[in-house]
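> Sharing a sequence plus its predicted fold:
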Amino acid sequence: MEDTLKILVVDDDEVDRMAVRCALTKAGIQIELSEVANSNDAFSILNTTGYDCVFLNYRLIAQDGLTLIQQLRSSEIKVPLVVLIDQEDEQTAVQLLKAGATDYLSKSRISPENLAQVLRSAIRVYRAEIQVALAKDQLRESHEELLRKNQELERQQQQLQMQNFKLSEASVLKSHFLATMSHELRTPMNAIIGFSQILLRPKFGQLTHQQADMVERILNNGKHLLMLVNEVLDFSKLEAGRLDLKAERFDVLKVINLAVGEMRSLADAKNLSLLVQTDLQNTLVFNDPVRLKQIVINLLSNAIKFTESGEVCVEVKELPANRLTIIVRDTGIGIAPRDFQRIFEAFRQVDQTLTRKYPGTGLGLAIVDSLVRMMGGKIFLESKLGVGSTFKIELPRQISLSSVGGEPPPLQLDSNQVFSSAKNPHHSSTQARQSPIGYPKFKL
Ligand code: ADP
């Protein structure tokens, strides 16, 4: 036990006080004892001085011990209280303990041993009670803190929901705007293209060389603009899930050769070889020829655009399980692995600056991605900066009718299909995407 215990004895009977004093002294406990004879003095001394324990006579003349206990407990005074009662009386004992007494002892049992034991256990119990109360306080505080944090989280969640709602509303409006605008732009563009073509026909009068040159430019730029508008329109349709595939049986090589034919003048203008290689035995497929051509044109126009010298090659090969692959390979600037995922997102370009060297809307690959997914296929990208890029598309020979016009599955990178060059960082990397998309892209 502690070195010196400060004890207060509250008893109006001098003899009883002496009995307690003697017993504590005999018990060999180091004490500093104070004595008061009534509850008022007890209350005021306890208000100003801290004690380790109070021995309190249950029967005081001016006020009974019970009232004093209640008074002490309802005040801020915290001290172990041992009540000395005249005789063993269970009912009184329960009453006292309920009121806040720490323990009680019958006066007839006052002895050095008993008093020492009661004193020790009262102090121990009291300290334990204080610790429990402290722990309860801490628990209550943490609970309140948790509630506060919960409320804050709920508030943030509501804000997020609200922002989400606003964002999706803005996105719907954006898609609607894109669809309406591109639709509206197509009519005048068609008129510009149509009338330029008419002007170029000799039967509408001979144009001077300079005039013909200008009309041709109007026509070419009109076509280019129409293609860009079509791209935006396709993208907005795909986003809204309103683009359907029109599947039919056709010769895939014919469609690929058509796409290559359309792109040849661009490749020639850059002195690039444009090759087609195939080992297809059976060239028949069941798919949407317009959208398939759009995929090839998108990939080819990128390959040509991002290649300054060398070649662009389209390969068509058989795959097991009635599938085939279309590969567009170039010897161009290449793509860094960190951009593999990004470039398939709408409006994303490796170079996003306004002064970028290569023009484009940033929609081409997003459209390819969505179309391939709609066709139940996958895209693999393998590229190395400064060496070139390979876009490989794997498609079922016959697309499933359920996927035609169906809602495209969410765009996601299939980690199993990533043949990243973790083992050899100098190897080019390949990433596969399981995705759908579509619409012819014409880049001039
Ligand atoms: P756009 O060509 O209109 O910019 P795309 O969606 O077709 O948009 O392509 C997105 C970006 O991906 C391009 O801006 C370019 O940075 C990169 N990219 C696509 N194809 C190639 C390629 N063959 N070689 C190098 N970079 C490419």
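Sure thing, it's come through. Numbering: from 1, shown residues only.
> any weak-confidence spans in the stretch 51-200 of the chain?
Along the stretch 51-200 of the chain, the parts satisfying pLDDT under 70 run over 61-63.
> Now the spatially most central residue of the chain: which helix or strand?
The residue lying closest to the centre of the chain (C-alpha atoms, centre = their mean) is Leu160, at 11.8 Å. Per DSSP states H and E: Leu160 is located in helix 112-200.
> How about Gly360?
Per DSSP H and E, there is no helix or strand for Gly360.
> There's contact between it and Ile304 in this structure, I believe.
No. Using C-beta atoms under 8 Å, Gly360 makes no contact with Ile304, being 11.9 Å away. For the C-beta atoms, the positions are set from N, CA and C on the backbone; glycine is no exception.
> just the angle between the following helix or strand past the helix holding Leu160 and helix 112-200, please?
Next helix or strand after helix 112-200 toward the C-terminus (DSSP H and E): helix 209-239. Here the directions of helix 209-239 and helix 112-200 differ by 150 degrees (axes from the mean of the first three to the mean of the last three C-alpha atoms, to 10 degrees).
> Does the ligand have contacts with helix 209-239?
No. Under the criterion of C-beta under 6 Å from any ligand atom, the ligand is not reached by helix 209-239; the shortest gap measures 8.1 Å.
> same for that helix, what does it pack against?
Judged by 3 or more C-beta pairs under 8 Å, 6 or more residues apart in numbering; DSSP states H and E, helix 209-239 is in contact with helix 112-200, helix 364-374.
> TSV for those helices, including distance to the ligand?
Shown next, in TSV, are the helices and strands packed on helix 209-239 (distance: least, C-beta to the nearest ligand atom, whole Å):
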stretch	distance to the ligand
helix 112-200	15
helix 364-374	3
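> Most tightly packed of the ones you listed?
helix 364-374 (a mean of 27; mean count of other C-beta atoms under 10 Å).
> helices or strands up against it?
Using 3+ C-beta pairs under 8 Å, 6+ apart, helix 364-374 sits against helix 209-239, helix 289-305, strand 378-384, strand 388-396, strand 429-434.
> Recalculate using a threshold of 7 Å.
helix 209-239, helix 289-305, strand 378-384 (3 or more C-beta pairs under 7 Å, 6 or more residues apart in numbering; DSSP states H and E).
> Only the buried residues of the first one, if you could.
Of the residues in helix 209-239, those buried by neighbour count under the rule 16 or more other C-beta atoms under 10 Å are 215, 219, 222-223, 225-239.
> Compute the distance from the centre of the helix holding Leu160 to the centre of its chain.
11 Å (C-alpha atoms, centre = their mean, to the nearest Å).
> Could you do stretch 228-242 as well?
28 Å.
> got it, and stretch 202-219?
58 Å.
> what's in contact with it?
The contact list for stretch 202-219 (C-beta atoms under 7 Å, 6 or more residues apart in numbering) reads Ile192, Ile193, Ser196, Gln197, Ile198, Leu199, Leu200.
> and it, average pLDDT?
For stretch 202-219, the mean pLDDT works out to 90.
> same question, stretch 260-276
Computed over stretch 260-276, the average pLDDT equals 94.
> Show which residues not belonging to that stretch make contact with it.
Ile256, Asn257, Ile297, Leu300, Ser301, Ile304, Thr307, Gly310, Glu311, Val312, Cys313, Val314.
> follow-up on the earlier one: show me which of the contacts of stretch 202-219 is closest to Gln277.
Ile193 (34.5 Å; C-beta to C-beta).
> residues in contact with that closest one?
Ile193 neighbours (C-beta under 7 Å, 6+ apart): Leu219, Gly222, Lys223, Leu226.
> how about the nearest residue to the last one, chain neighbours excluded?
Put plainly, it is Leu226. If the residues on either side of it in the chain are set aside, Leu226 comes closest to Met189, at 4.5 Å by C-beta to C-beta, 6 or more residues apart in numbering.
> How much space separates the one you found from Asn221?
Separation of Met189 from Asn221 (C-beta to C-beta, to the nearest Å) stands at 10 Å.
> picking up where we left off before, would you mind telling me which of Gly360 and Ile304 has more residues around it?
Ile304 (22 against 18; other C-beta atoms under 10 Å).
> Got the phi and psi for Thr49?
Thr49 has phi and psi values of phi -130, psi 140 when expressed as degrees, to the nearest 10.
> If you could redo that for Gly310, that was the one I meant.
phi 110, psi -130.
> Which pLDDT value belongs to the nearest residue to it once chain neighbours are set aside?
Leaving aside its sequence neighbours, Gly310 sits nearest to Thr331 (C-beta to C-beta, 6+ apart; 3.0 Å). Per-residue pLDDT puts Thr331 at 97.
> which bits of the protein sit near the ligand?
302-303, 306, 330, 332-333, 335, 343, 349-350, 360-366, 389.
> Apply 5 Å and report the result again.
Counting by C-beta under 5 Å from any ligand atom, the residues of the chain close to the ligand are 302-303, 306, 332, 335, 343, 349-350, 360-362, 364-365, 389.
> And the pLDDT for Asn302?
For Asn302, pLDDT reads 94.
> That should have said Asp244, apologies.
pLDDT at Asp244 comes out at 88.
> Now do the same for it: helix, strand or coil?
For Asp244, the assignment made with DSSP: H, G, I helix; E, B strand; the rest coil gives coil.
> Report how many residues lie close to it.
Using other C-beta under 10 Å, Asp244 has 14 other residues around it.
> Check the stretch 151-300 of the chain for the residue nearest the ligand and tell me.
Using C-beta to the nearest ligand atom, Asn298 is the residue of the stretch 151-300 of the chain that sits closest to the ligand, at 6.0 Å.
> Tell me if I am right that Leu275 is in a strand.
Yes. Under three-state DSSP, Leu275 sits within a strand.
> For it, list each beta-bridge partner.
Cys313 (DSSP bridges).
> Any idea how many residues pack against it?
Counted with other C-beta under 10 Å, Leu275 comes out at 13.
> Over to the one 5 residues further on?
Leu280 is surrounded by 16 other residues when neighbours are defined as other C-beta under 10 Å.
> Can you give me the pLDDT of it?
So, for Leu280, pLDDT stands at 90.
> That one touches Asp251, doesn't it?
No. Leu280 is not in contact with Asp251 according to C-beta atoms under 7 Å; the separation is 9.6 Å.
> hang on, the earlier thing: can you name the two of the contacts of stretch 260-276 that are farthest apart?
Largest pairwise distance in these, by C-beta to C-beta, is 21.3 Å, between Asn257 and Gly310.
> Please spell out which residues along stretch 25-33 are buried.
Here stretch 25-33 shows Ala27, Ile29, Ile31 as buried, counting by 16+ other C-beta under 10 Å.
> Show me the contact partners of that stretch.
Here stretch 25-33 has contacts from 1, 3-7, 9, 21, 24, 112-113, 115-116, 119, using C-beta under 7 Å, 6+ apart.
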